[in-house]
Every structure is written in C-alpha cells, then in structure tokens.
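**Student:** here is a sequence with its predicted model. Questions after.
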Amino acid sequence: MITAEQIAAAITAFTYPYTSEDLLQAAIARALNEKQIEHAREVRLDPRNRIDFLVGTIGIEIKVDGSTMAVTRQLQRYAQFEAITELILVTTRSRMLNVARELTGKRVNVLFLGRDL
C-alpha cells in the first residue's frame, strides 16, 4: 500500500507550471503516471463533492487560489467520507501552510510547491 509520504515524494520530484489549476492538475497526473502510481482523477465522493485525485484511500486536492478558510472547509467535507483516510493538499500558496494538519481525525499533508502566484 502506498503512503502519503511516497506520493508527496513523487509529486515534489518534478517542476510544475503555475499558470492555472488545470495545468497543474494535468502535470501532477503526468508525474503520478511516470512514477507508476495508480490514481483516479476527478473522483465523485457524492453528488456535491469531487476530489482532484484519489490514490487508494488518500485524497489529493490541488489549490492555486482561494482562502485558507474556504480550502479548510473543502478538505473538512472530504475528510468526512469513509473512502478517504488521509488528505494531501498541493498548493502554490504559502498561506495554505496554515491549513489544519488533522480534520475529522484524518491527517492532512500540505505540499507547498514553493512559489506564491
């Protein structure tokens, strides 16, 4: 079973475009493919919630914009699903480093890609 740390290492091994969330998502999908990490993209958790990636039971959400509060609320919703055991937030915003590291008893890992837009 793959760990969040292994996923994070695979993601941070590459350089990414920062121009839009869509481009960043596509680049991360390529990185996961290159590292042969099986994943599903745009996974519907219910009719109102769709997470960017799911690797086993680890959810990955990509954010290049938005407030910390809005992102926290979104991650909180995802953490309530049994299909998710852990979350990874990949972001280009340093302020997202302030997101809670645990929501609903589930670990939240934040990967800051090192450049505020």
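**Tutor:** Happy to help now that I have it.
**Student:** who is R107 paired with across the strands?
**Tutor:** Taking DSSP bridges as the rule, R107 bridges to E86, E102.
**Student:** need the pLDDT of it.
**Tutor:** What the model reports as pLDDT for R107 is 97.
**Student:** that one touches E86, doesn't it?
**Tutor:** Yes: at 4.9 Å, R107 and E86 qualify as touching, with contact defined as C-beta atoms under 8 Å. Glycine gets a C-beta too; all of them are placed from N, C-alpha and C.
**Student:** what touches both of the two?
**Tutor:** Taking C-beta atoms under 8 Å, 6 or more residues apart in numbering as the criterion, R107 and E86 both touch A4.
**Student:** which one of those two has more residues nearby?
**Tutor:** Using other C-beta atoms under 10 Å as the criterion, R107 and E86 rank with E86 on top: 19 against 14.
**Student:** hmm, that one is touching V55, no?
**Tutor:** No: taking contacts as C-beta under 8 Å, E86 lies outside contact range of V55: 9.7 Å.
**Student:** what does the strand or helix carrying E42 contact?
**Tutor:** Element membership of E42, judged by DSSP states H and E, is strand 40-46. Residues outside strand 40-46 that contact it (C-beta under 8 Å, 6+ apart): 25, 29, 50-54, 59, 78, 81, 83-84.
**Student:** kind regards, and thank you for your time.
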